[in-house]
Each structure stands twice: as structure tokens, then as C-alpha cells.
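S.K.: sequence first, then the predicted structure:
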Amino acid sequence: MFRSLARGTLEGVAVHDLPFVEVHHGVQLTATRGASDLGIRRADVGNVFLWERTANGWEEAAEKVDVLAQHREGHHYLDTDEDQVVVQVSRGEYGDDWWHKHG
């Protein structure tokens, strides 16, 4: 998905609707390719967020996910200098017990 955004074959994607994404607290996240690395910011409504990166920004995010995919567990921050909230992708670190306790 990130590489498709980087190449421009996707202009935007509803991340929360992807089959491999586990949504918590009704968060909706739309990722788009833009001319500026605006990062992630809250939209005008509830738990709705907009995530805008440049082609280079999406490629950088894809590379971090590639590294994570090669490990059993870990995390990476997919942030920019402009982010209003933290974007973290993780694998194997937060199970159901953690979400029941902290989520």
C-alpha cells in the first residue's frame, strides 16, 4: 500500500478498512499522497485522521515496514516533523491481553 502511494498508483486509501488492520476506538485513518509531508493530523470529527506523505515519505514508511516484516516482533514509528499524533506500526508486541488492559 505504501509503495503504491509512493508510485502514485494509489492516490488514497482507507487504512482502517484494510483486512489486516485491527481498529481500536473507532479510529478511521485515510492515507494520501501529497506534495508536502504533512504527516498525520486529526480531521474535524471524532477519531478521524488524515495522513499525507510525499512519494519519498511513503517509500520511507514502506522500508520501515519491510524491516519489521522480517522480525517476529517489534515496532517502528512512521512519523514526520509535522505529525499531530504518533503513528506506530507493530508486530507481535500487543496481544489481546494488552488491549483489554490498556485499550
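M.R.: That came through, no problem.
S.K.: the longest helix along the chain packs against which elements?
M.R.: Assignment by DSSP state H gives helix 55-69 as the longest helix of the chain. With contacts defined as 3 or more Cβ pairs under 8 Å, 6 or more residues apart in numbering; DSSP states H and E, helix 55-69 has these neighbours: helix 2-7, strand 74-77, strand 88-91. C-beta coordinates here come from the backbone N, C-alpha and C atoms, glycine included.
S.K.: can I get the ones you listed in CSV with mean neighbour count?
M.R.: CSV is the format used below for the helices and strands packed on helix 55-69 (neighbours: other Cβ atoms under 10 Å):
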stretch, mean neighbour count
helix 2-7, 18
strand 74-77, 14
strand 88-91, 14
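S.K.: show me the one of those that comes nearest Ala55.
M.R.: Nearest of the helices and strands packed on helix 55-69 to Ala55, taken as Cβ to Cβ: helix 2-7 at 4.7 Å.
S.K.: for the closest one, packing partners?
M.R.: Against helix 2-7 (3+ Cβ pairs under 8 Å, 6+ apart) you get strand 12-14, strand 28-33, helix 55-69.
S.K.: perfect, I'm done here.
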